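In: Here is a sequence together with a model predicted from it:
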Amino acid sequence: MNDEFQASRPPALAALERDSLAAGFTMASEPRTGALLRSLAASKPGGALLEFGTGTGISTAWIIDGMDSAARLVTVECEESHAVIARRHLGHDPRVSFNVDDGAEFIRSLGGRKRKFDMIFADTWPGKFDHLEEALKLLSQGGFYVIDDLLPQASWPTGHAPRVPALIADLERRSELVLCKLAWSSGIVVAVRR
Ligand SMILES: C[S@@+](CC[C@H](N)C(=O)[O-])C[C@H]1O[C@@H](n2cnc3c(N)ncnc32)[C@H](O)[C@@H]1O
């Protein structure tokens, strides 16, 4: 098995990769992570999905590729210059709501929401290294909470490394979560709310 090879890729992926490269955006999730996100999204027909850190839309494209026609994705990104690339190639999809906002503010704005999210991909600081409690309150029973970049990355700033084991220990202490740690791809945790 060659897990670097994906037999099918999201239709917009090549254009998103090209524009991300041209914009110097180097923080996109790698294809194996994308394939995992796509499969998890496909397990939630009619699901409500949430992404923190749209970036240029590469992980968004994978998630969309797994969603059925009734599923909905809400995604937030603080940098307009990143979000504009995502919207250019994915903005026509009525299942997706693109938001340019600070992730922490956005989590607060979702606090009163009745429907919980069936999958949360937390790919930026808010919802992952901070505002974790608030983000997890948005997760439905049986919902997936997914984080990546948990194995050492060249892009990690100084002081970042100790935050990762602290975050994992925090998640492991939560009896409402069932964790699966994957030392694979960039290093992933999939947690499911009991
Ligand atoms: C790791 S990248 C996301 C990559 C994208 N999910 C993918 O896999 O293709 C993190 C993104 O979070 C954005 N970001 C950083 N701080 C943020 C904040 N406070 N609120 C929202 N987005 C933020 C960055 O601009 C960056 O685009």
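Out: Perfect, thanks for sending it. Numbering: from 1, shown residues only.
In: Quick check: residues of the chain near the ligand?
Out: 27-29, 53, 55, 58-59, 76-79, 82, 102-103, 123-126 (C-beta under 6 Å from any ligand atom). (C-beta placed from N, C-alpha, C; glycine too.)
In: Bridge partners for the residue most central in space within the chain, pull those for me.
Out: Centrality entry for the chain: nearest residue to the mean C-alpha point is Phe121, 2.7 Å, by C-alpha atoms, centre = their mean. Beta-bridge pairing of Phe121 under DSSP bridges involves Glu51, Val146.
In: How much space separates it from Ser29?
Out: Using C-beta to C-beta, to the nearest Å, Phe121 is found at 9 Å from Ser29.
In: Which neighbours do those two have in common?
Out: Counting by C-beta atoms under 8 Å, 6 or more residues apart in numbering, the residues touching both Phe121 and Ser29 are 37, 59.
In: hang on, the earlier thing: narrow the residues of the chain next to the ligand to those in strands?
Out: 76-77 (DSSP state E).
In: Among the residues of the chain next to the ligand, name the buried ones.
Out: Buried members of these, scored by 16 or more other C-beta atoms under 10 Å, are 28-29, 53, 55, 58-59, 76-78, 82, 103, 123-124, 126.
In: Just the ones of these in helices?
Out: 58-59, 82, 103 (DSSP state H).
In: picking up where we left off before, for the buried ones among the residues of the chain next to the ligand, give me a markdown table that also has pLDDT.
Out: What follows is these, written out as a markdown table (pLDDT from 0 to 100):
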| residue | pLDDT |
| --- | --- |
| Ala28 | 96 |
| Ser29 | 95 |
| Gly53 | 98 |
| Gly55 | 98 |
| Ile58 | 98 |
| Ser59 | 98 |
| Val76 | 98 |
| Glu77 | 98 |
| Cys78 | 98 |
| His82 | 98 |
| Gly103 | 98 |
| Asp123 | 97 |
| Thr124 | 96 |
| Pro126 | 97 |
